[in-house]
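Q: sequence first, predicted model second:
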Amino acid sequence: MQALLEQLRNIVRDDGLTTDALECVYYAQDVYSQAEPAAAVVSPTNTQQLAAVVRAATGAGHAVIARGGGMSYAKGYVPLEENSILVDMSRMNRILEINPTPEVAEMKACKVLKGKICAGLANRITMIVAEK
């Protein structure tokens, strides 16, 4: 596990990885459920980091669970396996491009919709495309 954590730290830097026990428990629960705490919470900022994190964790035999912007009600990101790696998508939150002509907004995966897009563009866009 230590080798994997070092590899993850090299991918996302110190501010993108936590192994703090309380944080790993917090991130691994939803409104109604708590199961295994995550072994680590990794917060990538771009798709290259995300791909490298998933490749490293799955290559080491660990389950990878994506967590969006906040608490869920449906156990969508509650780890069921010991030593799961939880990927917190909240730092992937930039709008990359808005092209009003074809009514497309291109953005990173998470949290952009909470107010940033919905409030200003809800009536102007019809399709949302994730970062390439």
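A: Perfect, thanks for sending it. Keep in mind that this is a model prediction, so the values were computed, not measured.

Q: the helix or strand hosting A52: which residues count as buried?
A: Following DSSP states H and E, one finds A52 within helix 47-59. By neighbour count on 16 or more other Cβ atoms under 10 Å, the buried set for helix 47-59 is Q49, L50, A52, V53, V54, A56, A57. For every residue, glycine as well, the C-beta is placed using N, CA and C.

Q: which elements pack onto that helix?
A: helix 2-12, strand 64-67, strand 85-88 (3 or more Cβ pairs under 8 Å, 6 or more residues apart in numbering; DSSP states H and E).

Q: these two touch, right, A66 and M89?
A: Yes: contact criterion Cβ atoms under 8 Å: A66 and M89 qualify, at 6.0 Å.

Q: ok, these two, which is more surrounded?
A: Between A66 and M89, M89 has the larger neighbour count (other Cβ atoms under 10 Å), namely 18 against 14.

Q: wait, that one touches V64, no?
A: No: in this structure, M89 is not within contact of V64 by Cβ under 8 Å, at 11.8 Å.

Q: shared neighbours, these two?
A: Common contacts of M89 and V64 (Cβ atoms under 8 Å, 6 or more residues apart in numbering): none found.

Q: that's a helix at P79, yeah?
A: No: according to DSSP: H, G, I helix; E, B strand; the rest coil, P79 belongs to no helix; its state is coil.

Q: skipping adjacent residues, who's closest to it in space?
A: What sits nearest to P79 in space, not counting adjacent residues and going by Cβ to Cβ, 6 or more residues apart in numbering, is E36, at 4.5 Å.

Q: show me what contacts V12?
A: Applying Cβ under 8 Å, 6+ apart, one finds that V12 lies in contact with V42, S43, P44, T45, Q49, V53.

Q: pLDDT wise, what is the fifth one at?
A: Listed pLDDT for Q49 reads 95.

Q: with that, I have no additional questions.
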